[in-house]
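Novice: I would like to see how this sequence folds:
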Amino acid sequence: MEKLNEKEFHVIIVGGGLSGLIAAQQLSKEFDVLVIEARDRLGGRLLTIGDSNNCPRDMGGAYIGDTQHRIKALIKELHIQTKKVRNIGQNVQYINNKLDHYLGVIPPLGVLGLLDIHTGLKNINKHADSIDLERPWKSPNAVHYDGISFESYLQKHVSFLSVTKQAIDIGVRTLFMSEPSEFSSLFALFYIKSGDNITTLLSSENGAQNEKLIGGTQQLCEKLAILIQK
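Specialist: Residues are numbered from 1 along each chain as shown. Below you'll find the predicted structure:
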């Protein structure tokens, strides 16, 4: 193996996750690039357990959707096959000691609840649509959004009924895997705009959870590393 101190590199990238390897792939076209990874594997938040003969399971990022054009282009470039996510059966909701089964994204909330959540989601998408994806800090009201948590934003702009608030809180925790008090509104709106809209992000059929990679997502990083080495 070649000793690193015997070769000079133009660029050193810390972290062998997807972002680091994409950067390395692009830069390696013009420069000598070294990727440093502390772990004994590539992938970062992409981790696949098992192999093609042992039911590979994604333990990190797992799904792709039709609006995620860049990752779909990378998948095509790396000749990775995908499969549709199984989306058969009913969803289950437990709110206020009541168990409900339903189809689709929106749970049964009654007439007033449905009107409330429709207005709330419309407001979220409207505000998210105002975010500049290239320079989010330059967006209208960026300072205001960045100065309040998404929880505060939801309380002010979205839900009015208790049952609606609980349903939206569940959706937010599912989407961001965090409490809405732990991140800013600017981040949340930027994330939602990046995925087209909040309904798309929460959906399986024709949404952000529409497909999975056959063999798991970690192979994205492993195949990128092979390209970089070439």
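Novice: All the helices of the protein, in order from the start?
Specialist: 18-27, 69-77, 110-129, 142-146, 150-157, 162-176, 185-194, 198-202, 219-229 (DSSP state H).
Novice: out of these, nearest to residue 37?
Specialist: helix 18-27 (7.9 Å; Cβ to Cβ). Where you see a C-beta, it was placed from the backbone N, CA and C, and this is true even at glycine.
Novice: Quick check: which helices or strands does the closest one pack against?
Specialist: On a contact count with 3 or more Cβ pairs under 8 Å, 6 or more residues apart in numbering; DSSP states H and E, helix 18-27 meets strand 11-14, strand 33-36, helix 219-229.
Novice: please redo it, this time with the cut-off set to 10 Å
Specialist: Applying 3 or more Cβ pairs under 10 Å, 6 or more residues apart in numbering; DSSP states H and E, we find helix 18-27 packed against strand 11-14, strand 33-36, helix 69-77, helix 219-229.
Novice: Pull the distance from the lowest-mean-pLDDT helix or strand in the chain to the chain's centre.
Specialist: Using mean pLDDT, DSSP states H and E, the weakest-scoring helix or strand in the chain turns out to be strand 91-95, at a mean of 81. Mean-position distance between strand 91-95 and its chain equals 23 Å (Cα atoms, centre = their mean, to the nearest Å).
Novice: Which other helices and strands does that strand contact?
Specialist: Counting by 3+ Cβ pairs under 10 Å, 6+ apart, strand 91-95 packs on strand 98-102, helix 162-176.
Novice: Please tell me I have it right and residue 188 contacts residue 158.
Specialist: No. Residue 188 lies out of contact with residue 158 (Cβ atoms under 10 Å); the separation is 11.2 Å.
Novice: okay, the two: which has more neighbours?
Specialist: Ranked by neighbour count (other Cβ atoms under 10 Å), residue 188 and residue 158 place residue 188 first, with 26 against 21.
Novice: where does the chain dip in pLDDT?
Specialist: Residues of the chain that meet the criterion pLDDT under 70 lie in 1-5, 52.
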